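>>> The sequence isn't on hand, but the structure is:
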């Protein structure tokens, strides 16, 4: 039984308001010399007070021992089973580049590559990692010459170095096709072939596209060829308004998170700037118009990925200083958590559980031991250690939006 | 979505090494007079130190309130859903007697019984619990007269008292047949009948076997008949090397655990002797050749089953003395847990959760309160209280063998 179907049956529209603050890569592990995690090292008096006054726990992003990417981690937080709703690599890259996708779109990742035209073998899968500038230039060149293949629109968007994204927009496209990337140098590129009958049109379109690109690039050594992979259709998933009867809004500065919010039907509010303060201002000025706010702080994750313990600590302390501003809006439910851990010591996402606070009516004074918002104290909180997929049902209940299940 | 499929997709081969120490029946409940569990009464300074330095929790073997047999408890520890992979009784008994099974084999349990030949009713389902000696003698007699029924090989192996095992080895055998055991005395034995078309050959073979045995035993009162039940085919399950890309080895002294290890594709290393020291020596001399070691200590469970609190405590203290030896091998991940609880006070397996330590890089200093390796402290560990099926994903992550799930 899908939990979301149960929720859909018992949820009702109310005028209570929810703020979900997602501090990206929040969780950490003890620093090898001080023995303190980033949260333990940060000055977070406001969060500590909330942790002490309300209910805490630790969330497991996707499943024990599983290190999630941003996609599955966010889906789980929004109440979507990340094993059921997989977001293909092409879609995620498109979202990351800020491309607005529609349900007709087929996305894929591209690499500029070097092809030995005489032998027809790929000699460099990354075309010597051409600079981003050059990449933009070649993408613009291709786009100027190809905008459509038959009735399918084609959009090419440059990424970093040799990477780009192609979006095919049209009717009846399928992601059940093979990739032309041979994955190894010294091999010829593969033909794109359909993996099912319904994908024949798509394979033919993509092959024609590749041929046209080849004609355009043949003299552009080292970037004289392209390799495509990670074909993915825009995933069909029910919206948060459909499932939860919410009117949700997203406040984020990075394209991928705005894209993920769009996937679940949130309205993405434009943020004029990149700071947490800019985001809080957007929250304040839109607080009347929505009943669910996904507020995303990115830099904690970025510094974690860089292995910069001190800077991650600074971001956590900075977030803390805005907590009174958020509280002044009097949300009915204010949730503070992250999507996953990004321990500075590991310089990457990890599988470690991470803290959560739910501050709301009926969540007061629920913990015995929690005096600080950190891993070691929240693990003894009244919410226990639990999979993140359960956050939304909890939040909806604390918001007074869930009726009794069964009689 | 099956968790193992997810793992299979993201796991990679590395040269890190894992030791899983399974102290059978590890968990206990407080002694009625001292109020201490076996682990609390044991002298375990080395385990206590690990519990304090690394990450702890409590595992639920199969599901809340479920007392598992050794089969499901071990499967869960190895990451196999014990509700999906059922090991039939006949197979488990065969493994317990040290029979090496193949995928063609159909196993069942047998009882010598007393049949009233005139009335054709079973008058004693256990043939007066004949001595094991007698059992061996009759089994040898039957085996000497029957080695094959048609194209199916037959193997009869004596167990204890009136119990034995029969293995039918051949093509196209099925366990979808009824049993001849009427389950009650005073009733005639049932005919073996097929429960599906594909089982007709098997039913015919087993009925022929029963008739031949009847001819052989008719004069062997009280053991003048046999009752068969628990027919089970060797279960098809993916190997640990297939799912986890591991090269796993098992070090155990009791046949059933060697058999369980074989089921999941481990190499069973011969142990010359029966002591923990013998097992540790095998671990040491084979440490270079494998990357996963299942190390099984049996006697903690045996003494628990006997209700011998003091002897169980002694075994736990003995295990502790070998911890430095194991640590001297520098495994990347060292897990200490059990398959289930066997509280001496209950003289049986039980459903109680039991402690686990995972000692590994990135698992350091994770718990606030745990000072001792015991039930009451580990329940406050950073791993929380969680189903044992999640142990393998955690262990693989701590061993650096899992890539990110999704992007």
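That came through fine. As the structure is a computational prediction, the values presented were derived from the model and not from experiment.
>>> how much space between residue A:69 and residue A:107?
Distance of residue A:69 to residue A:107, computed by CB to CB, to the nearest Å: 16 Å. For every residue, glycine as well, the C-beta is placed using N, CA and C.
>>> I should have written residue A:342 there, sorry.
26 Å.
>>> quick one: contacts for residue A:357?
Contacts for residue A:357 (CB atoms under 8 Å, 6 or more residues apart in numbering or on different chains) come out as A:47, A:50, A:51, A:54, A:55, A:56, A:334, A:335, A:336, A:337, A:373, A:378.
>>> Now do the nearest residue to residue A:190 once chain neighbours are set aside, the pLDDT please.
Spatial nearest neighbour of residue A:190, chain neighbours left out: residue A:180 (5.0 Å); criterion: CB to CB, 6 or more residues apart in numbering or on different chains. pLDDT, residue A:180: 95.
>>> burial measure for residue A:180, as a count.
23 (other CB atoms under 10 Å in any protein chain shown).
>>> contacting residues around it?
Residue A:180 makes contacts with A:189, A:190, A:191, A:192, A:210, A:227, A:228, A:229, as judged by CB under 8 Å, 6+ apart.
>>> how about 6 Å then?
For residue A:180, the contacting residues are A:189, A:190, A:192, A:227, A:228, by CB atoms under 6 Å, 6 or more residues apart in numbering or on different chains.
>>> Please apply the same query to residue A:258.
Per CB under 6 Å, 6+ apart, neighbours of residue A:258: A:252, A:268.
>>> list the helices and strands the strand or helix carrying residue A:396 packs on?
Residue A:396 is part of helix A:391-398 when elements are defined by DSSP states H and E. The contact analysis (3 or more CB pairs under 6 Å, 6 or more residues apart in numbering or on different chains; DSSP states H and E) places helix A:391-398 against strand A:333-337.
>>> which other helices and strands contact the strand it packs on?
strand A:18-23, strand A:354-360, helix A:391-398.
>>> Okay, now the sheet partners of the first one, with direction.
Taking DSSP bridges as the criterion, strand A:18-23 forms sheet pairs with strand A:292-297 (parallel), strand A:333-337 (parallel).
>>> neighbouring contacts of it?
With contact meaning CB under 6 Å, 6+ apart, strand A:18-23 is reached by A:292-297, A:300, A:319, A:331, A:333-336, A:338-339, A:395, A:399.
>>> cool, and the last one?
Outside of helix A:391-398, the residues that reach it under the criterion CB under 6 Å, 6+ apart are A:7, A:18, A:77, A:79, A:333, A:335, A:358, A:360, A:363, A:402.
>>> Out of those, which end up buried?
Neighbour-count burial (16 or more other CB atoms under 10 Å in any protein chain shown) is assigned, among those, to A:7, A:18, A:77, A:79, A:333, A:335, A:358, A:360, A:363, A:402.
>>> Let's have the residues you listed in TSV, adding pLDDT and distance to residue A:26.
Below are these laid out as TSV (pLDDT from 0 to 100; distance: CB to CB, whole Å):
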residue	pLDDT	distance to residue A:26
A:7	95	25
A:18	98	18
A:77	98	11
A:79	97	19
A:333	98	18
A:335	98	12
A:358	98	15
A:360	97	19
A:363	94	19
A:402	97	26
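>>> Tell me the one of those residues nearest chain B?
Nearest to chain B among these: residue A:77, at 13.3 Å, using CB to the nearest CB.
>>> for chain A, what spans make up the strands?
A:18-23, A:55-60, A:105-116, A:121-124, A:148-149, A:152-158, A:163-169, A:225-233, A:248-251, A:267-268, A:292-297, A:333-337, A:354-360, A:385-387 (DSSP state E).
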